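Asker: Give me a model of this one.
(one chain, ligands or ions: 2)
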Amino acid sequence: MADTAASDAFVAFERVQKSYDGETLVVKDLNLAMPKGEFLTMLGPSGSGKTTCLMMLAGFETATHGEIKLDGKPINNIPPHKRGIGMVFQNYALFPHMTVAENLSFPLEVRGMGKAEREQKVKRALEMVQMGRFGGRRPAQLSGGQQQRIALARALVFEAELVLMDEPLGALDKQLREHMQFEIKRIADDLGITVVYVTHDQTEALTMSDRVAVFEAGVIQQLAPPSELYEAPQNSFVAQFIGENNTLEGVVEEIGGNRCTVRLDSGDIIDAVPINVSQKGERTRVSIRPERVEFDPQLGDAAHTLTAEVREFIYMGDVFRTRLSVAGNDEFVVKTRNRADQKRLSPGETVRIGWLPEDCRALDAT
Ligand SMILES: Nc1ncnc2c1ncn2[C@@H]1O[C@H](COP(=O)(O)OP(=O)(O)OP(=O)(O)O)[C@@H](O)[C@H]1O
Ligand SMILES: [Mg+2]
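Answerer: Ligands and ions are numbered 1, 2, ... in the order given. Take a look at the predicted model:
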């Protein structure tokens, strides 16, 4: 799926740039090809260009440069309502004076659809979001989650093959948000629709998506399935942005094939997998996930061990979270499963920790 050629993609951005003021590019040379049926999430910090990309795809903004294609055809000059795209936004704004059914029926009526057909489509859309019994209510008589479902139904009522969602769950509490994540994913899979989903919540992105595009400053930093993003981040930004991550700074001493040797600023020498470092003498930031670190390691000859001092030991139920001072980093975190044989640690204690070199990635120092 990851290497869908732009030519047979259902949605394609080709060398797309966007500037609002004619000076700064808020989207820089965006290339993205999505196959039909894919659930793709644009994830990134505030201001990184996610909504802008969605707006260009929807037709509410025009690209300054480049081309956007739907089903192989350029859509730059097609107005929004002729693109056949469903949309759900954070501020879902249902019409307050209309019933739920009228809210769904209205856009179909505007498009000239007859009453019988409208009623049938509205019924179907409401059933899809399990709101079949609520057609007669007004939006104010629904909970936040129910309103969100109606907003989703309103996007689905057109039977659009492509649905865009911009932070659709942002206004909901955690529990409802998690439930709706599951529902949206299920409906998308059942209907086989293609979804472009925008969020700045990484958990949401990881749990819902076939692929995630990590945005920063108008550039896709990495486009990959969730597991690959987490386990094989291609640069420091992605490693830091996705999941919890430990970093140790140093200089590349030797490099060759799929191993490099790094002299940490503390003087410790460790091996790592070189990801986007290429030369001896280059500064690097080495990345290790908290759950890949072991105490009193018995990982074999290839493993590294370092001495650390415990700063904090937190009981979290299923896991223990230990904060350590290691090689000059006071925020080094280790997560261990809560097993009967796992020793509880106290601040000030000295411990040995270790990991396998393949779990340690040498990334850019920027
Ligand atoms: N209509 C506009 N006119 C001028 N600048 C804009 C406009 N819309 C967005 N921008 C700017 O473009 C950049 C990208 O904004 P965009 O809304 O795409 O970010 P985003 O990734 O969706 O952020 P958020 O997570 O906060 O919603 C920002 O610097 C923003 O200030
Ligand atoms: Mg936005």
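
Asker: check contacts around the residue of the stretch 101-250 of the chain found nearest ligand 1.
Answerer: Residue nearest to ligand 1 within the stretch 101-250 of the chain: His200 (4.8 Å; Cβ to the nearest ligand atom). Any C-beta I mention is one placed from the backbone N, CA and C, and that applies to glycine too. Counting by Cβ atoms under 8 Å, 6 or more residues apart in numbering, His200 touches Leu43, Gly44, Pro45, Ser46, Lys50, Glu167.

Asker: now those as TSV including neighbour count and pLDDT?
Answerer: Output for the contacts of His200, formatted as TSV (neighbours: other Cβ atoms under 10 Å; pLDDT from 0 to 100):
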residue	neighbour count	pLDDT
Leu43	27	96
Gly44	26	94
Pro45	13	93
Ser46	7	93
Lys50	25	95
Glu167	18	90
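
Asker: which residues touch stretch 214-232?
Answerer: Residues contacting stretch 214-232 (Cβ under 8 Å, 6+ apart): 1-2, 18, 25-32, 42-45, 48-50, 53, 205-207, 209-213, 233-235, 237-238, 241-243, 289, 361.

Asker: Filtering these by proximity to ligand 1, which remain?
Answerer: Restricting these to those touching ligand 1 (Cβ under 6 Å from any ligand atom) yields Val26, Gly44, Ser48, Gly49, Lys50.

Asker: Most widely separated two among the residues you listed?
Answerer: Val26 and Gly44 (11.7 Å; Cβ to Cβ).

Asker: Give the intersection of the neighbour lists for those two.
Answerer: In contact with both Val26 and Gly44: no residue, using Cβ under 8 Å, 6+ apart.

Asker: got the residues of the stretch 151-300 of the chain near ligand 1?
Answerer: By Cβ under 6 Å from any ligand atom, the residues of the stretch 151-300 of the chain that approach ligand 1 are His200.

Asker: re earlier: can I get the ones next to ligand 1 among the contacts of stretch 214-232 in TSV with secondary structure?
Answerer: Formatted as TSV, those follow (DSSP: H, G, I helix; E, B strand; the rest coil):
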residue	secondary structure
Val26	coil
Gly44	coil
Ser48	coil
Gly49	coil
Lys50	helix
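
Asker: Just send these back as JSON lines, with distance to Gln130 too.
Answerer: Listed next are those as JSON lines, based on distance: Cβ to Cβ, whole Å:
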{"residue": "Val26", "distance to Gln130": "38"}
{"residue": "Gly44", "distance to Gln130": "32"}
{"residue": "Ser48", "distance to Gln130": "34"}
{"residue": "Gly49", "distance to Gln130": "34"}
{"residue": "Lys50", "distance to Gln130": "29"}
